[in-house]
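**Q** My questions are about this predicted structure, shown below with the sequence.
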Amino acid sequence: MSKPVSICVIGSGYVGLVAAVCFAEIGHHVICVDNDEAKVKTLREGGVPIYEDCLPELLAKHLDRGVEFTSDLASAVERSEAIFIAVGTPQGETGAADLSYVEAVVSEIARHISSYKVIVEKSTVPVYTNEWISRVLHRHGVDTQSFDVVSNPEFLREGTAVIDFLHPDRIVVGANSERAAEVLRRIYAPLTTGVYYEQPRSLAGSCTAAQPARLLVTSAQSAEIIKHASNAFLALKISFINAVANLAESVDADIEDIAEGMGLDTRIGPKFLRAGLGYGGSCFPKDVAAFHWVAHQQGVNFKLLQEIRKINETQRDIFYNKVLAALWTLRGKRLAALGLAFKGDTDDIRDSPGIEVIKKLIEAGAMVTAYDPAAMERTKAVLPPSDKMRYAGDAYEAAKDADAVLILTDWKQFGKLDLVRLNQAVRFPIVIDGRNLYKPQTMHEHGFTYVSVGRPASYHAQQGKPRGMAL
Ligand code: NAD
C-alpha cells in the first residue's frame, strides 16, 4: 500500500477506536490516546470495551504492530503527522454541542506541537469549530505555519462500524489548505485507489478495486454542515415515516406496505423508512438539536428540525399508550422487555427509546424483566437489578409468566423467535412490537394479540379488541 502516515487518534470510543484500528488495517502507524486509564489498560491487553462486529479480530491482528494505546498525549502528538480528535461532543443544556472536551484536547495538543501537524476534527461538531480550533492553537502561541485544521466527519453506524469505515459511501475532507488536504488524501489512498480491496486479507464490503471509495474535498464549513445535515436528514426520514404510520393506523392502512411503496421510488429509497419507536443513540438526538441551534444562531428559520425531534419524542409516548391500552392498568403487571440497546447490533444504550419506555412503565408500577444480547451490563448501571427490574438470560426466560411481551430493539434474533415456545412461556399471549418485526398474520396464527406500529392490531380470539382506548 502507499507510504504509511503516522497518525494519532485521540479518544478510543465507538469512533476513535474503530478509526484507529481501521487506519492500521490500511497500513498506517497509529497511536490511540485516551484519558480513561482503565480503557487503555483493557485495550493494551487486547480487550475490546464495546460490542462491535469485526473489531476484536481486527484489533488482535494489529495490536502492537499497527496500533498502540496510551494515555500519554504529549508523546503521541510529537510522534504523529496527523492528529484525529474523536472525543465526545454531547448535547449541552441549550441544545448546542458541548465542545469542552474538544477544547481541552486542543489546548493539550497546543503544548506539544514542535513540527507541522494536521489536526483533524473527526468528532461531530458545529460549523466554525474548525476556526475555533485554529484560534485556540494561536492563543496558546502555536504559529500558523505549524498546523492546519481539517474537518473529516465520520459516518459509520454502530454495529457495522468497521465495514462502514473501510467501505464508506463517501469520505468527506473539509480543508481550507491544499497541504492538509493532501495529507488526508494520502491517509485514505488505500481506500480511494482501491489498493486495499485487492489485498487477499481485506475485509469485504460494498467497495471494490474497480469501484473504490470516493473522497470529496470541500471547505471546512461545508464539511461540518454535511455531517449535521446528513444526520438530520436521516432523522427526518425516520420521523416522517413515523408520522405517516400514525396516520396509517387511524385509517387501517399498513405502514409496511406504504414504506415499501414509497421506498421503491429510487428518489426516496427504502432505508430509514422503518416505522417504530423512533430513533435514539448518541448521535441523532444531539445532532438534530445542535444543528437547530446552529441555524438559530445564524438567524435561519429551520423549525423543521424541532418537528423532527417532537415527532420522535411523541413516538415513545404513543408506544407507552399502546401498552396501557392493551393491559388496562400497569401496577403489578409483569412485562417482558426484549431489547435495551438503542438499536440492534450494538451495546450502546445512550438515549435508548426502549429504556425510556421501561423507566416510565416501572414508574407506573409495572415489573419488567429485560433481555438484550449485548446491552444488559451497561443498562444495569442506569437500571440496577431490583424487584421492579430483572434481567433474563434469553428472550424466553424474560417472557416467563409475562402479562405482555414488548419488543423494544430491532435485534435480528427478536424477529426469529420460536413463537410456540414464546406462547407457552407467557401468562397472556400479548406482544406489543415497537419495531414491527413480525407480520400480524403470523402472530395471529400463533395465537397472539399483536399490536405494532402503523398497522391494524390483531386480537387473540378469546381476548377481543379493548374498547375505549385507541391502540
Ligand atoms: P465515546 O464517548 O464512545 O468516546 C469518546 C472517548 O473520548 C472516550 O473513550 C473518552 O474517554 C475519550 N476522551 C474524552 N476526553 C478525552 C481527553 N481529553 N483525552 C483523551 N481521551 C478523551 O464517543 P463516540 O461515540 O466515539 O463519539 C465521538 C464523536 O464522534 C462524537 O462527536 C460523535 O458525535 C461522533 N460520531 C459518533 C458516531 C457513533 O456512532 N458513535 C458516529 C459518527 C460520529
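**A** Here it is on my side, so go on.

**Q** per-residue confidence for the closest residue to the ligand within the chain?
**A** Using C-beta to the nearest ligand atom, the single residue of the chain nearest to the ligand is G13, 1.8 Å away. C-beta coordinates here come from the backbone N, C-alpha and C atoms, glycine included. Note for G13: predicted pLDDT of 97.

**Q** ok, how many other residues are close to it?
**A** 18 (other C-beta atoms under 10 Å).

**Q** Wait, it touches G88, no?
**A** Yes: between G13 and G88 a contact is recorded at 6.8 Å, counting by C-beta atoms under 8 Å.

**Q** that older thread, and the residue of the chain closest to the ligand, how far from E158?
**A** 10 Å (C-beta to C-beta, to the nearest Å).

**Q** what's the answer for E81, then?
**A** 29 Å.

**Q** Please apply the same query to A104.
**A** 25 Å.

**Q** More neighbours: which of those two?
**A** E158 (25 against 13).

**Q** Would you verify that that one is located in a helix?
**A** No: under DSSP: H, G, I helix; E, B strand; the rest coil, E158 falls outside any helix and is assigned coil.

**Q** which parts of the helix ranked longest in the chain are buried?
**A** For the chain, the helix that runs over the most residues, judged by DSSP state H, is helix 220-250. In terms of neighbour count (16 or more other C-beta atoms under 10 Å), helix 220-250 has its buried residues at 220-221, 223-228, 230-232, 234-246, 248-249.

**Q** Show me what that helix is packed against.
**A** Under the contact definition 3 or more C-beta pairs under 8 Å, 6 or more residues apart in numbering; DSSP states H and E, helix 220-250 sits against helix 129-139, strand 147-151, strand 171-175, helix 255-263, helix 284-297, helix 304-327.

**Q** could I get these as CSV with mean neighbour count and mean pLDDT?
**A** Putting the helices and strands packed on helix 220-250 into CSV (neighbours: other C-beta atoms under 10 Å; pLDDT from 0 to 100) gives the following:
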stretch, mean neighbour count, mean pLDDT
helix 129-139, 18, 97
strand 147-151, 26, 98
strand 171-175, 24, 98
helix 255-263, 17, 98
helix 284-297, 22, 97
helix 304-327, 19, 97
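
**Q** okay if I get these as JSON lines plus distance to I362?
**A** Below are the helices and strands packed on helix 220-250 laid out as JSON lines (distance: least, C-beta to C-beta, whole Å):
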{"stretch": "helix 129-139", "distance to I362": "39"}
{"stretch": "strand 147-151", "distance to I362": "42"}
{"stretch": "strand 171-175", "distance to I362": "42"}
{"stretch": "helix 255-263", "distance to I362": "29"}
{"stretch": "helix 284-297", "distance to I362": "22"}
{"stretch": "helix 304-327", "distance to I362": "12"}
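
**Q** pLDDT of the longest helix of the chain, averaged?
**A** Mean predicted confidence for helix 220-250 is 98.

**Q** what's the closest non-adjacent residue to A243?
**A** Leaving aside its sequence neighbours, A243 sits nearest to I311 (C-beta to C-beta, 6 or more residues apart in numbering; 5.3 Å).

**Q** Serialize the helices and strands packed on helix 220-250 to CSV and add fields for distance to the ligand.
**A** Formatted as CSV, these follow (distance: least, C-beta to the nearest ligand atom, whole Å):
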stretch, distance to the ligand
helix 129-139, 10
strand 147-151, 12
strand 171-175, 12
helix 255-263, 23
helix 284-297, 7
helix 304-327, 16
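
**Q** can you tell which of these is closest to G47?
**A** helix 284-297 (27.8 Å; C-beta to C-beta).

**Q** which other residues reach that closest one?
**A** Contact with helix 284-297 is made by 89-91, 94-97, 124, 126-127, 227-229, 231-232, 234-235, 238, 279, 301-302, 305-306, 308-309, 312, 351, as judged by C-beta atoms under 8 Å, 6 or more residues apart in numbering.

**Q** got the contact list for the residue nearest to G66 when sequence neighbours are not counted?
**A** Computed as C-beta to C-beta, 6+ apart, the closest residue to G66 that is not its neighbour in sequence is A24, at 2.9 Å. Contact partners of A24, counting by C-beta under 8 Å, 6+ apart, are V30, L58, H62, R65, G66, V67.

**Q** Kindly report the same for F319.
**A** Here F319 is in contact with L277, P353, V357, I432, G434, V453 (C-beta under 8 Å, 6+ apart).

**Q** element containing V48?
**A** Using DSSP states H and E, V48 sits within no helix or strand.

**Q** That one - how many residues pack around it?
**A** When neighbours are counted by other C-beta under 10 Å, V48 comes out with 16.

**Q** and if you look at L340?
**A** Using other C-beta under 10 Å, L340 is surrounded by 28 other residues.

**Q** before we move on, what about the one 4 residues further on?
**A** Residues lying near G344 (other C-beta under 10 Å) number 20.

**Q** correct me, but it touches G159?
**A** Yes: here G344 reaches G159: they are 6.7 Å apart, a contact under C-beta under 8 Å.

**Q** Not counting its own residues, what contacts stretch 51-58?
**A** So stretch 51-58 is in contact with 14, 17-18, 21-22, 24-25, 48, 158-163, 203, 345-347, 374-375, going by C-beta under 8 Å, 6+ apart.

**Q** got the CA positions of that stretch in PDB?
**A** Listed next in PDB are the C-alpha coordinates belonging to stretch 51-58 (Å, rounded to 0.1, in the frame of the first residue of the first chain):
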ATOM      1  CA  TYR A  51     -19.600  -4.600  21.200                       C
ATOM      2  CA  GLU A  52     -18.800  -4.100  17.600                       C
ATOM      3  CA  ASP A  53     -18.700  -6.700  14.800                       C
ATOM      4  CA  CYS A  54     -15.200  -7.400  13.300                       C
ATOM      5  CA  LEU A  55     -13.400  -5.200  15.900                       C
ATOM      6  CA  PRO A  56     -12.000  -7.900  18.200                       C
ATOM      7  CA  GLU A  57     -10.400  -9.800  15.200                       C
ATOM      8  CA  LEU A  58      -9.000  -6.600  13.700                       C
END
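
**Q** Run through the strands of this protein in chain order.
**A** Along the chain, counting by DSSP state E, strands occupy 6-10, 29-33, 67-70, 82-85, 117-121, 147-151, 171-175, 215-218, 334-338, 367-371, 389-391, 404-407, 430-433, 449-451.

**Q** mind checking which of the ones you listed is nearest V382?
**A** Once the strands of the chain are compared by C-beta to C-beta, strand 389-391 is nearest, at 10.1 Å.

**Q** tell me what that closest one is packed against?
**A** Using 3+ C-beta pairs under 8 Å, 6+ apart: strand 389-391 touches strand 367-371, helix 376-382.

**Q** where does the stretch 101-250 of the chain come near the ligand, residue by residue?
**A** Contact residues, the stretch 101-250 of the chain versus the ligand (C-beta under 6 Å from any ligand atom): Y101, A104, V105, S123, T124, E154, L156, E158.
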